[in-house]
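Engineer: From the sequence below, what's the structure:
(2 chains)
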Amino acid sequence: MNGQRQVSFGSTGQFRPEKLAERYQAELMDRLIPNLDKFVVDRQYGGFMCEFDIAAKKRLSTNKRAWYEGRGIWAYAFLYNRLDADDRYLTIATGSKDFIMPHVPEDNGFFPALFARDGSVISGEGDIFGNLYIAEGLLEYGWAMSAPMYRAMGKDLIRKSLQVCLEADYRYAPFKDVAGGQFLNHWMVILWAASQALTHEADAGMVRIIDQCIDYVLHRHLHPESGLLNDVWVPDRLATTDSGLDSCNFGIGIQLLWMMMYEAERRQDATLFLRAARLFKHHVTVAKDEVYGGYLGYLSGIEDQRWRTDKILGLHEEILIGSLFLVEHLDDTWAKECIEETFSYVQHSFAKSGYAFWVSSGDRTLAVENRQRVEFYHHSRHLMLGLLSLRRLMKRKGRVSDFLANTTDINQI
Amino acid sequence: MNNIEYSRRSFIKQQSLLGLGMLAFGLPGGFLKAAGATTATGPVIDTLGAMTLKQLRDRYHAALFDQFIPNMDALVIDHEYGGFMCNVDIVTRERKSDAKSAWYEGRGLWTYSFLYNNFGQDPAILKAATGSKDFIVKHIIRDTPADGDFWPASYNRTGTEASGEGNIYGHLFIAEGLAEFARASGDEAYYQQAKEIVLDCLRRYDQPDYAYHVNYLSADAPRVPGPRVLGHWMVFLRAATQILERRQDPEIERLASRCVDAIMNHHLNPEYGLMNELLNHDFSRPDNAFANFSYLGHAIETLWMVMFEAGRKKDRALFRTAAAAFCRHVKVAADRIYGGFFRSLDHVDQYTWKVDKVLWLQEEVLIGTLFLLEHTGDTWAQQCFDDTYQYVQDKFTKPEYAFWISAGNRKLTEFQQVRAEHYHHPRHLMLNLLALNRMVERGGKISGIFG
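Structural biologist: I've put the predicted structure just below:
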C-alpha cells in the first residue's frame, strides 16, 4: 500500500490532490472567510449573526446563539492555529469569546440559547450542546492565545457536560420522553472536543472521557444486526415504546465515525481505525440516495426502511472529511470514488455561484433550498480539515501515511 | 454472510454500468463513471459465486435436477388429472390443497416444456407438460367474445371452476406455455392457439375501458381505466420474443417492438430514471399515486427480458440502454442493510418501500447479471451476481426443505411456508444453467455479441 504513487480520485481520475486543494483553498479563503467578514461577523459587539438570506445577501436578524458562538470561536481559532496565523482571525474569535464569557453558567447549568446583538439574553437556558461547542471553541482559542485558562475552562465544560448527561433524570428535548437514555450526538461532540484537547497537551482525564465515549458508541449504540448506530440507547429497550429508538441519524453517525478515525490515528490505534472505517463505509453506503444522488440524513425507522428525504450539506461534508482521511491513510479505492462522486454532487447541488454561502439544506432534489442560514461550522471544518488532509498528501508526494504500514488486515475494510 | 461486508462490497463494485445509467437519465453528471459497460480486466471469467464456472454450473444442475424436479414429481404434479398443485408446505412436504389455477397451469406448462426442449427431451418431463396441457385445454380454455370475461382463476383438482373471473395473466401464461409446448410436441396447432390468445389479449388490453386493478401498490390504490401496465408488457414481451427465437412472425415481431417501445420510451420515467408500473391509456402519467410508483421487481425482470431481446436482435443501442436501466434499478432496489433486493418502491420521491423479500426478484437479478457477464464481462455484474447468489443461498435455500423459500419478511426470519414456486425459480435455474453451459464451453470467454 505504501509505495510511491500519485493519488488521484475516482474512476475518472478527475481530481488530483493539487487541484482539489486549490478548490478547497479558494472556497475557504476567497469566498467563505470574506463573506463571513462582510455579512456575519459582528465587529461592534463581537460574535456571529447567522440568520441571513444567502441568496438576497440580506441579514434577517441580529440574534446570536450560544451554539454558533462556540462554533465560530472554534472555526476562527482553528483557522489561525492550523492554516493561516493572521491576527484578524484571532480578533474575531476574541470578539465572540468576549461576547459569551459574561454568560458562563454556574455549576452544571447551560449557557442561554439566544442573545440579542448586544448580548442581552432573549431566551431561557439552552442545552448541553451550547456548552460543548463553547468548550470546543475555548480549547482551540486557548491554544491560539497560549492562554491555559481557556483550555481549563473548555475541559471543565466537557467534564460537567458528561456528568450532566449521565444523570438518571437527564432529558434531551428531541427524545424528551426517554428516561435514562443516552444519545449518540452527545458522545460525538464530547469525543471530538476531548480529542482535540489532547492534540495540544496530554490529559489522562480527557483520555478516559474519550474511552468512555467510544465504549458507549460501539457497545451500546451500535446495533449488531443492522450495523448502524442508533441515535438513542436505553438500558431496557423492551420497557419503552418510543419508536424513535429504531432510528439512525447518518449526519451524526458518519460524523462521529470520522472523528473516531481521527482519534484512532492520534493514538495510533490501527484496530480502532479499521473498525471505525468499516462502520463509516457501511453508513455512507446505506445513506446514499440512489435515485437522486447525494445522501439521505435520517432513517427514522431502520427496520421499516422509513426515510426522511431532505438533504443536508453537513452530512455530505462529513462524508468528504472521512473519505479524504481514508485516502490519506489507506489510499482507499472506495474512498476515492466516494470523494469524486460526493464532491461533484455538492458542487452541483449546494454550491450556487450567485449566493454568498453554500446552501445548508433543502429538499431531496434541492429544488427547495433553505436560504436563511449561514452554515459556518461544518462547512469551514470540512474545508479546513480537507485542506490539511490534501496538504499532507501533497507533502508526501502522494504517498499514503505510515500509520497503517504494519497493519496486516487493511484489506478487510 | 456479514451484512456490512456485503453492502460494502456491493458499493465498491457498482461502478461500471451505473455510470451509464446515471448519464442516460440526465442526473448530475460531474462525478459519473465511464459511459459504457466495463469489461473485466481479463477476457476470461474463471470464477463466479466463489466457484469455478463448472462448480457453479453443477450447483445449478443439482438444484434443478436433484431437488426441484424430483420434489415437483413427488409433491406438485397431478399424475392422475394433470396439472400442478402448488399449495405444498415446503417444510413438512404436505400438500395443503389440491387447488389449481390458470396462472400456475400456464406457468407449469411453460416450465416443463422448456425443460423438455432444452434439457435432454426426457419423456417423463413431456408427460407432465402434456398432463397440464390437457387440463388446460379441457377445463380452462373456452370460447369467449373478444371483449368478454377472462377465464376463471381457480379450479379444483378435477377441473371444476372454483372461482370467478381471472385476469389477463392467466391467458398470457397459458399462451406462453402453449407456444413452448408446440415446440416440445411438434404440434403447430398449439402455436396457433397461443398466438390467438396473445393477440386476443392485446386487443382487450388496447380497449380504453380495459379493467385491471394494480392492487400491489395497495388495496385502495386508484383504479385507472384502460391502464398501461409494465407487468403486462413484460409478459407480452417474453411470450413474443420466445416465439421469435424459433420462428419469424411479423405480427409477433410487431408486438415485441411495441412492448420494447412502451417499456423503454414510456414507462421509464425520465425525471428519475425508474420505471413506473402504471400509465394512463394514452401513456401519460397518472395524476395520482401511480405517478410515483415504481415496482422495481417487475422493472428488473422486464429489463433482463429487454436485454435478451436486444441479444436476439443484436441491437447494441437497445442493449446499452436496457443494461444501464437494469443496473440502475438493481442499485436502487438493493437492501444495503440486510442484503438482497426490495420489490416495491411505493413512492419514489417520498422513498417509501415495501420491505418484504421475494425469491423471484433475487432470481431476476441473477438472470440479468449473468446475461451481462456472459456477453460483456462487466465487473459490476460479476460482483452483483456473486453477492446475490450468496445472499440467496444464505436466505432462501434450505437443503432440508422440499423447495426454495418463495417469500418472507425482510430478514427471512418469517417466510411463506406453503408454496412451491414452479415458474420464476426453475426459469432462473434453466436460463442460468444454459448460460453457464455456454460460458464453460467458451472456456469463460465473453460472447462478444454486442461487440
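
Engineer: so who does B:His347 touch?
Structural biologist: B:Ala289, B:Asn292, B:Phe293 (C-beta atoms under 8 Å, 6 or more residues apart in numbering or on different chains). In this view, the C-beta of every residue, glycine as well, is placed from N, C-alpha and C.

Engineer: give me the element the residue positioned nearest the centre of chain B is part of.
Structural biologist: The geometric centre of chain B, computed from its C-alpha atoms, lies nearest to B:Glu301 (C-alpha atoms, centre = their mean), at 4.5 Å. Element membership for B:Glu301, per DSSP states H and E: helix B:296-313.

Engineer: following that helix, which helix or strand comes up?
Structural biologist: Next along the chain after helix B:296-313, with elements defined by DSSP H and E, is helix B:316-333.

Engineer: Helix B:296-313 and that next one, what's the angle between them?
Structural biologist: Angular relation of helix B:316-333 and helix B:296-313 on a 0 to 180 degree scale: 160 degrees, by axes from the mean of the first three to the mean of the last three C-alpha atoms, to 10 degrees.

Engineer: Tell me which other helices or strands helix B:316-333 touches.
Structural biologist: Using 3 or more C-beta pairs under 8 Å, 6 or more residues apart in numbering or on different chains; DSSP states H and E as the contact criterion, the elements in contact with helix B:316-333 are helix B:17-24, strand B:274-275, helix B:296-313, helix B:359-376, helix B:379-395.

Engineer: Now do the contacts for residue 262.
Structural biologist: Just going to use chain A. Going by C-beta under 8 Å, 6+ apart, the list of residues near A:Tyr262 reads A:Ser195, A:Phe325.

Engineer: look at chain B instead
Structural biologist: B:Ala262 is in contact with B:Arg228, B:Trp233, B:Phe283, counting by C-beta under 8 Å, 6+ apart.

Engineer: The spatially closest residue to A:Met188 that is not a sequence neighbour: neighbouring residues, count only.
Structural biologist: What sits nearest to A:Met188 in space, not counting adjacent residues and going by C-beta to C-beta, 6 or more residues apart in numbering or on different chains, is A:Leu256, at 4.0 Å. Using other C-beta atoms under 10 Å in any protein chain shown, the number of residues around A:Leu256 comes to 28.

Engineer: A:Leu256 and A:Asn230 touch, don't they?
Structural biologist: No: A:Leu256 is beyond contact range of A:Asn230, at 12.0 Å (criterion: C-beta atoms under 8 Å).

Engineer: and for the two, which residues touch both?
Structural biologist: The contact sets of A:Leu256 and A:Asn230 overlap at A:Leu184 (C-beta under 8 Å, 6+ apart).

Engineer: need the contacts of B:His347 in JSON lines with pLDDT, distance to A:Pro235 and neighbour count, can you?
Structural biologist: Supplementary listing: the contacts of B:His347 in JSON lines, determined by pLDDT from 0 to 100; distance: C-beta to C-beta, whole Å; neighbours: other C-beta atoms under 10 Å in any protein chain shown:
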{"residue": "B:Ala289", "pLDDT": "97", "distance to A:Pro235": "42", "neighbour count": "16"}
{"residue": "B:Asn292", "pLDDT": "98", "distance to A:Pro235": "41", "neighbour count": "21"}
{"residue": "B:Phe293", "pLDDT": "98", "distance to A:Pro235": "42", "neighbour count": "23"}
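
Engineer: which of those lies closest to B:Ala62?
Structural biologist: Each of these was scored against B:Ala62 by C-beta to C-beta, and B:Phe293 proved nearest at 38.7 Å.

Engineer: Give me the contact list for the strand or helix carrying A:Cys213.
Structural biologist: With secondary structure defined by DSSP H and E, A:Cys213 is part of helix A:204-216. Applying C-beta under 8 Å, 6+ apart, the set of residues contacting helix A:204-216 from outside is A:155, A:158-159, A:162, A:182, A:187, A:190-191, A:194-195, A:197-198, A:233, A:260, A:263, A:272.

Engineer: ok, back up a step: show me the contacts for the residue nearest to A:Met188.
Structural biologist: For A:Leu256, the set of contacting residues under the criterion of C-beta under 8 Å, 6+ apart consists of A:Leu184, A:Trp187, A:Met188, A:Leu191, A:Val217, A:Leu229.

Engineer: so which of those residues is the most crowded?
Structural biologist: When neighbours are counted by other C-beta under 10 Å, A:Trp187 leads the contacts of A:Leu256 with 28 neighbours.

Engineer: With just CA atoms, put stretch B:298-308 into PDB.
Structural biologist: These are the backbone C-alpha positions of stretch B:298-308, laid out as PDB (Å, rounded to 0.1, in the frame of the first residue of the first chain):
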ATOM      1  CA  HIS B 298     -41.200  -6.000 -12.400                       C
ATOM      2  CA  ALA B 299     -38.800  -3.400 -13.800                       C
ATOM      3  CA  ILE B 300     -35.800  -5.600 -13.100                       C
ATOM      4  CA  GLU B 301     -37.500  -8.700 -14.600                       C
ATOM      5  CA  THR B 302     -38.700  -6.700 -17.600                       C
ATOM      6  CA  LEU B 303     -35.200  -5.200 -18.200                       C
ATOM      7  CA  TRP B 304     -33.400  -8.500 -18.500                       C
ATOM      8  CA  MET B 305     -36.100  -9.600 -21.000                       C
ATOM      9  CA  VAL B 306     -35.400  -6.400 -23.000                       C
ATOM     10  CA  MET B 307     -31.700  -7.200 -22.800                       C
ATOM     11  CA  PHE B 308     -32.400 -10.700 -24.100                       C
END
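
Engineer: Give me the residues contacting that stretch.
Structural biologist: Outside stretch B:298-308, the residues that touch it by C-beta under 8 Å, 6+ apart are B:230-231, B:233-234, B:237-238, B:241, B:260, B:263-264, B:274-275, B:277, B:318-319, B:322-323, B:325-326, B:329-330, B:333, B:341, B:360-361, B:364-365, B:367-368, B:371-372.

Engineer: Tell me the buried residues within the residues you listed.
Structural biologist: With burial judged by 16 or more other C-beta atoms under 10 Å in any protein chain shown, the buried subset of those is B:230-231, B:233-234, B:237-238, B:241, B:260, B:263-264, B:274-275, B:277, B:318-319, B:322-323, B:325-326, B:329-330, B:333, B:341, B:360-361, B:364-365, B:367-368, B:371-372.

Engineer: Tell me the predicted confidence for the closest residue to B:Ile446 other than its chain neighbours.
Structural biologist: Sequence neighbours aside, B:Gly377 is the residue nearest to B:Ile446 in space, at 4.3 Å (criterion: C-beta to C-beta, 6+ apart). With respect to pLDDT, B:Gly377 scores 94.

Engineer: cool, the one 10 residues further on as well?
Structural biologist: B:Asp387 carries a pLDDT value of 97.

Engineer: how about A:Leu320, what does it touch?
Structural biologist: Counted by C-beta under 8 Å, 6+ apart, A:Leu320 has contacts A:Ile339, A:Thr342, A:Phe343, A:Val346, A:His382, A:Gly386.

Engineer: do the strand or helix carrying the fourth one and chain B meet?
Structural biologist: Spelled out, it's A:Val346. Using DSSP H and E, A:Val346 maps to helix A:333-349. Yes: contact of helix A:333-349 with chain B (C-beta under 8 Å from any C-beta of the partner chain) involves A:Thr333, A:Trp334, A:Glu337, A:Glu340, A:Glu341, A:Thr342, A:Phe343, A:Ser344, A:Tyr345, A:Gln347, A:His348, A:Ser349.

Engineer: hmm, back to that, need the residues that contact the helix or strand following the helix holding A:Cys213.
Structural biologist: Counting by DSSP H and E, the next helix or strand C-terminal to helix A:204-216 is strand A:232-233. The set of residues external to strand A:232-233 that reach it, using C-beta under 8 Å, 6+ apart, is A:175, A:178, A:181-184, A:216, A:220-221, A:242, A:244-245, A:247.

Engineer: Now list the buried members of the residues you listed.
Structural biologist: Buried members of the contacts of strand A:232-233, counted by 16+ other C-beta under 10 Å: A:Phe175, A:Val178, A:Gly181, A:Gln182, A:Phe183, A:Leu184, A:Tyr216, A:Arg220, A:His221, A:Gly244, A:Leu245, A:Ser247.

Engineer: Brilliant, that's me finished.
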